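In: need a 3D model of the sequence below.
(chains A and B)
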2 protein chains.
Amino acid sequence: MKIAIMGFGTVGSGAYEASKADGNIEVVRILARHGREGYEYLNDIITPDIDDIAGDPEIELVVESMGGIEPAREYVLKCLRAGKHVVTPNKNLISACYTELMQEAAAHGVKLRFTSAVGGGIPWLFNLLRTKRCDEILQIRGIVNGTCNYILDAMYDKGADFSEMLKIAQEIGYAETDPSADIEGTDTLRKTVISTNLAFDAAIQEEDVTCYGIDTIQACDISYLKKKGLVCKLMMKAEKKDGAIEVYVEPTAFPEDSLEANVKLNNNLITLTARHLGTQSYFGQGAGMMPTGESVIQDVIDIRDGREQSIGIKEASGLKADNSKAIHRYYIRHDRMCEHIEPLIDTYEEKDGIYYCISKPIPVEKMHEMGHHRKEKGKDMFFAALAE
Amino acid sequence: MKIAIMGFGTVGSGAYEASKADGNIEVVRILARHGREGYEYLNDIITPDIDDIAGDPEIELVVESMGGIEPAREYVLKCLRAGKHVVTPNKNLISACYTELMQEAAAHGVKLRFTSAVGGGIPWLFNLLRTKRCDEILQIRGIVNGTCNYILDAMYDKGADFSEMLKIAQEIGYAETDPSADIEGTDTLRKTVISTNLAFDAAIQEEDVTCYGIDTIQACDISYLKKKGLVCKLMMKAEKKDGAIEVYVEPTAFPEDSLEANVKLNNNLITLTARHLGTQSYFGQGAGMMPTGESVIQDVIDIRDGREQSIGIKEASGLKADNSKAIHRYYIRHDRMCEHIEPLIDTYEEKDGIYYCISKPIPVEKMHEMGHHRKEKGKDMFFAALAE
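Out: Next comes the predicted model:
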């Protein structure tokens, strides 16, 4: 199968390397503004012009690994309309434009697949879809941001502070220069939107997902939770309940003897609960050149061989996101016991003017709203759901 | 697709139930000596005669869920020779007759698949084969016997003794009346043979796998290891090394903050390490009517839709099992510090005439041989490898 790769950064070159293992995938075009060091021998097939790809009838499938939304969206649409399958690890694009792109692919009789957009090298989305052939997904949840997990794990392990570990994560290349998408939970949110839509044949949008990140966590939170036998992780969660989908992203404190608590370094652990199958988890490298590149090529092989799992975009369930009944207990750390917070607290300890609280059951939306409100006011607060 | 089910016990009826979810699988024959309670409406399609299945040209695929080797082997061969695909969860059969059955299937242009034979509801073998399309498997390992894990977890949790927990496991149906295949490691060994042959395109036999079970473990082992921050699990392990495969089953002590240590109840956790992908683990229910039944039906759907992963039986790697270079440190508990053991020990504690030792690096085969020798003599000993 002749394919093209649009964008030749880390994942694009990983996909190129991984394609060699198959033997029947030929990369005939690469969209890039300039060549890449170490790949000078590919200069002849590099082009800065999307029409050299979209207009080439030999190319059956295009890997989009440019990242971001525009011009990736425009180029992907061009390729789909030209009758080419598309495989992409681009979570920003798929999270934002899922319905539009899937409908466009269906209209032109081609496939759009993005297994690597969630979990990197872990075949999470592939197996999620496969499970649905025989079973009904009730809940999905997971640690899907390796950068946050790396920071939280190091804080737990070394007692280090957040800003210190973020800096180290940036130095070793786990975190971006602008780390906000990771630490504020946006990256996890996008992966949640994608996973939720596949799990429940839904069409939820980014704005449907309540999200709170780990950017206000401090060493004192980690050490307080540790003393209680708890480990904090940034979690995505979506659950089918009463004809709707509860879906949110938040820091969550797990018992130290749970699988989640023992996910180290920048690894991911993603879990589904199905009606008959029960609970099943997938662990591994959620990012990186070769894991993600391989996952891209697995999609390419599946499409080439007609083995890709069906995505229920046509028979959409019509399930909507609704967090109004989502409610649970939280760990909350704050510096002023005001009249807004006090009624919500079950037990607390005060030390050096800081309140470490365990709340009564609180609606998720109320908790997040309070957190964001405090953050805007520049006031100190952190919270983490207590895992059930 | 019209299919038949041979054997209508727990897994057979689970496969029957799971087949309903697909909508395009019709069970037209069931091989059983008599009907099953609650399934009286199936009495018309029940037959005790294999020829009603092998001789029926309408039946394209046969699920063999009888268990054991004979007559399952004979019946499966009959079906393959009659041009029918076969799906089976029967680990005893596949472990013992892998090469014969795969060759017979290939000779008649039909498929033989057995994802559910290892890991029950976990799509372990399916994903292992899928990974091989793009990568090279270097090592596999895992907790694959839910009964042993249930016993070990309960001993760890409650401080209970082995025989007590075995009895409870039998009462709730996790362990057989004759539990030897579980606790002596034979069941794990069979799953090791099957996983190893798929991982490395090999044709190893049961007798190639060195195996030591958990039948000599005592509460004092669990509590000694617990004090050292270690948790004991029964593990399969196979690794490609220097042109051969190290492959063995043995109790292994993991740090309490590892994923393995935190696998609770009767769950399984199975892990692969691939050259580019790194380490990936699969967690879930390794047995049970619906998980295993669903895994059977997933194989059926894959074969029907031409999506099953290729098994490299034709291009067998020729890799042989060889444990001669496998070597690591062990925890050893025994009641007499004799001249055979003393030179192997690095450090030890003695309490009430019992020696709790950490060994120097010892060849795996030597350790197992010593364990079996002591067991035959009726002498007290237990050992567990120290996880690296």
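
In: the helices in chain A, which residues?
Out: Taking DSSP state H as the criterion, chain A carries its helices at A:10-19, A:51-54, A:72-81, A:91-107, A:124-132, A:146-158, A:162-171, A:180-183, A:186-200, A:219-227, A:289-304, A:364-376.

In: make TSV from those helices and add mean neighbour count and mean pLDDT to it.
Out: (C-beta placed from N, C-alpha, C; glycine too.) TSV is the format used below for the helices of chain A (neighbours: other C-beta atoms under 10 Å in any protein chain shown; pLDDT from 0 to 100):
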stretch	mean neighbour count	mean pLDDT
helix A:10-19	24	96
helix A:51-54	18	98
helix A:72-81	20	98
helix A:91-107	19	97
helix A:124-132	23	97
helix A:146-158	23	97
helix A:162-171	17	94
helix A:180-183	20	96
helix A:186-200	26	98
helix A:219-227	18	97
helix A:289-304	25	97
helix A:364-376	17	96
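
In: select, out of those, the one closest to residue B:80.
Out: Among these, the nearest to residue B:80 by C-beta to C-beta is helix A:124-132 (25.7 Å).

In: helices and strands around the closest one, which ones?
Out: strand A:137-143, helix A:186-200, strand A:267-274, strand A:278-285, helix A:289-304 (3 or more C-beta pairs under 8 Å, 6 or more residues apart in numbering or on different chains; DSSP states H and E).

In: just put the helices of chain A in JSON lines and tack on distance to residue B:340.
Out: Converted to JSON lines, those look like this (distance: least, C-beta to C-beta, whole Å):
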{"stretch": "helix A:10-19", "distance to residue B:340": "51"}
{"stretch": "helix A:51-54", "distance to residue B:340": "70"}
{"stretch": "helix A:72-81", "distance to residue B:340": "67"}
{"stretch": "helix A:91-107", "distance to residue B:340": "59"}
{"stretch": "helix A:124-132", "distance to residue B:340": "48"}
{"stretch": "helix A:146-158", "distance to residue B:340": "41"}
{"stretch": "helix A:162-171", "distance to residue B:340": "50"}
{"stretch": "helix A:180-183", "distance to residue B:340": "56"}
{"stretch": "helix A:186-200", "distance to residue B:340": "56"}
{"stretch": "helix A:219-227", "distance to residue B:340": "44"}
{"stretch": "helix A:289-304", "distance to residue B:340": "46"}
{"stretch": "helix A:364-376", "distance to residue B:340": "62"}
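
In: can you lay out the helices and strands packed on helix A:124-132 as a markdown table showing distance to residue A:352?
Out: Below are the helices and strands packed on helix A:124-132 laid out as a markdown table (distance: least, C-beta to C-beta, whole Å):
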| stretch | distance to residue A:352 |
| --- | --- |
| strand A:137-143 | 31 |
| helix A:186-200 | 32 |
| strand A:267-274 | 34 |
| strand A:278-285 | 38 |
| helix A:289-304 | 43 |
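
In: redo those as JSON lines? Include distance to chain B.
Out: What follows is the helices and strands packed on helix A:124-132, written out as JSON lines (distance: least, C-beta to the nearest C-beta, whole Å):
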{"stretch": "strand A:137-143", "distance to chain B": "12"}
{"stretch": "helix A:186-200", "distance to chain B": "16"}
{"stretch": "strand A:267-274", "distance to chain B": "8"}
{"stretch": "strand A:278-285", "distance to chain B": "4"}
{"stretch": "helix A:289-304", "distance to chain B": "4"}
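
In: near chain B, which residues of the stretch 201-350 of chain A?
Out: Neighbours of chain B within the stretch 201-350 of chain A, by C-beta under 8 Å from any C-beta of the partner chain: A:256-259, A:261-264, A:271, A:276-285, A:288, A:290-291, A:294, A:297-298, A:301, A:305-307.

In: which ChimeraX command selects the buried ones in the residues you listed?
Out: Here is the ChimeraX command that selects only those of those that count as buried (16 or more other C-beta atoms under 10 Å in any protein chain shown):
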select /A:256,257,258,259,261,262,263,271,276,277,278,279,280,281,282,283,284,285,288,290,291,294,297,298,301,307
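
In: kindly provide the distance from the closest residue to residue A:63 other than its chain neighbours to chain B.
Out: Spatial nearest neighbour of residue A:63, excluding adjacent residues (C-beta to C-beta, 6 or more residues apart in numbering or on different chains): residue A:5 at 4.6 Å. Residue A:5 is 16 Å from chain B, where distance means C-beta to the nearest C-beta, to the nearest Å.

In: I'd like to know how many residues surround residue A:5.
Out: Per other C-beta atoms under 10 Å in any protein chain shown, the neighbour tally for residue A:5 reads 28.

In: contacts only, for it.
Out: Contacts for residue A:5 (C-beta atoms under 8 Å, 6 or more residues apart in numbering or on different chains) come out as A:12, A:15, A:16, A:27, A:29, A:30, A:31, A:62, A:63, A:65.

In: before I go, just wanted to say thanks for your time.
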